[in-house]
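# This is a predicted model, with the sequence first.
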2 protein chains.
Amino acid sequence: MTVSKPAVDAGKPSRTARKEAGEASGESAALQMGELSELFGYWLKRAQLKIFEDFLRCVAPLQLTPAQFSVLLLLDKNPGRNQTEIANTLGILRPNFVAMLDGLESRDLCTRLRSANDRRSHILVLTDKGRAVLARAKKLVATKHEGRLNDLLGAANRVALLSMLAKIAREF
Amino acid sequence: MTVSKPAVDAGKPSRTARKEAGEASGESAALQMGELSELFGYWLKRAQLKIFEDFLRCVAPLQLTPAQFSVLLLLDKNPGRNQTEIANTLGILRPNFVAMLDGLESRDLCTRLRSANDRRSHILVLTDKGRAVLARAKKLVATKHEGRLNDLLGAANRVALLSMLAKIAREF
């Protein structure tokens, strides 16, 4: 590893860490994390799973996944764009995206229309119901999900973290 | 959203962002990201996918996934612990973990032994080959993968980011 040991292991183990160790070992001691405590991808994945779990909990009344929410947000801002543009912008593979659209369309949240310019291409638009569900989801995400994350990290740290993650996503 | 707009969208779009927009729309303009540019989980997932892709590329000669690497690291630090302890510590579901161990064992990287204390339980140990592969993987990860990430973010930012991700993973 190229950097010195971060503060990840320092101090009292968190409630979650203690719970995990307890579940893992019964009466035996917690495992030594060793270099795993410095492995960036490991903590990134664990954090991502936590964030997605919480997101699903927060928008449970609307039954939306994080990916579905992203699609609705993008359709709202970009009406009339085609399927390929939306899928590519979100980095979703075509077969997965088609399956996701099938789900959204069956719930009457969006519609696929044949493009007037290119008959092979599908234009995507939100329905009125889709817009209403998106508005409710945005409120739940802002107040419950992002709000709690803000409380945990502090607003300034949250912004700094988001900016670094976007830098990795775009430039790494 | 509860925080002000971060610097994610500011400045010149990165090479990757421009490439994506180009691929997405042919001659048409890039899509408006809108609130998606402030959605924490979105950038976390995109960053995680990038990091995992790069990890796989860096350790391609050894054919190890990030999850397999984590298991080898943990077995090395905690010889003789049982399957449940390792799986729970890593947050891997039992069926997935059993399939992963089948793969590692078939490549002679680790072995499952019946526990002397509890015949229903399996003790996990690295083989000599497993230790050798782990040592090579650690070098590749440190020099190519984490090294490049350090170059992108700077060492101090990388440590701060890791610490915040671990906080989310443990406390959110």
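Arrived safely, thanks for sending.
# contacts, neighbours, all on C-alpha from now
Fine.
# in chain A, which ranges drop under the pLDDT threshold?
A:1-28 (pLDDT under 70).
# doesn't A:Thr111 fall inside a strand?
Yes. Assigned with DSSP: H, G, I helix; E, B strand; the rest coil, A:Thr111 falls within a strand.
# Show the contacting residues for it.
A:105, A:124-127 (C-alpha atoms under 8 Å, 6 or more residues apart in numbering or on different chains).
# the strands in chain A, which residues?
Here chain A has its strands, by DSSP state E, at A:110-114, A:122-126.
# got the buried residues for the first one?
Okay, so that is strand A:110-114. A:110-112 (16 or more other C-alpha atoms under 10 Å in any protein chain shown).
# ok and that strand relative to strand A:122-126, angle-wise?
The directions of strand A:110-114 and strand A:122-126 differ by 150 degrees, with axes from the mean of the first three to the mean of the last three C-alpha atoms, to 10 degrees as the criterion.
# just how off-centre is strand A:110-114 within its chain?
25 Å (C-alpha atoms, centre = their mean, to the nearest Å).
# Also the last one?
Relative to the mean C-alpha coordinate of its chain, strand A:122-126 is positioned 22 Å out (C-alpha atoms, centre = their mean).
# rewinding a little: ok, of the contacts of A:Thr111, which one's closest to B:Thr89?
A:Glu105 (39.6 Å; C-alpha to C-alpha).
# which non-adjacent residue is nearest the closest one?
What sits nearest to A:Glu105 in space, not counting adjacent residues and going by C-alpha to C-alpha, 6 or more residues apart in numbering or on different chains, is A:Thr111, at 5.8 Å.
# got it, and A:Arg81?
Per C-alpha to C-alpha, 6+ apart, closest to A:Arg81 is A:Ile123, 5.5 Å.
# Tell me the bridge partners for the one you found.
Judged by DSSP bridges, the bridge partners of A:Ile123 are A:Asn82, A:Leu113.
# need the contact list for it.
A:80-83, A:112-115.
# give me that answer again for 10 Å
A:79-86, A:111-116 (C-alpha atoms under 10 Å, 6 or more residues apart in numbering or on different chains).
# That one and A:Met33, how far apart?
49 Å (C-alpha to C-alpha, to the nearest Å).
# same check, this time on A:Ala60
34 Å.
# go on, A:Asp108?
Where A:Met33 is concerned, A:Asp108 sits at a distance of 47 Å (C-alpha to C-alpha).
# burial of A:Val98, as a residue count?
15 (other C-alpha atoms under 10 Å in any protein chain shown).
# ok, it touching A:Ala87?
Yes. Taking C-alpha atoms under 10 Å as the definition, A:Val98 is a contact partner of A:Ala87 at 9.0 Å.
# picking that back up, got the strands of chain A as JSON lines, with distance to B:Ala169 columns?
Shown next, in JSON lines, are the strands of chain A (distance: least, C-alpha to C-alpha, whole Å):
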{"stretch": "strand A:110-114", "distance to B:Ala169": "34"}
{"stretch": "strand A:122-126", "distance to B:Ala169": "34"}
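# wait, which of those strands is closest to A:Leu93?
strand A:122-126 (15.8 Å).
# Output the closest one as PDB, nothing but the C-alphas.
C-alpha atoms of strand A:122-126 as PDB (Å, rounded to 0.1, in the frame of the first residue of the first chain):
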ATOM      1  CA  HIS A 122     -37.500   5.000 -29.200                       C
ATOM      2  CA  ILE A 123     -38.200   8.300 -27.600                       C
ATOM      3  CA  LEU A 124     -38.800   8.200 -23.800                       C
ATOM      4  CA  VAL A 125     -41.200  10.400 -21.900                       C
ATOM      5  CA  LEU A 126     -42.500  10.500 -18.300                       C
END
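# Noted, bye for now.
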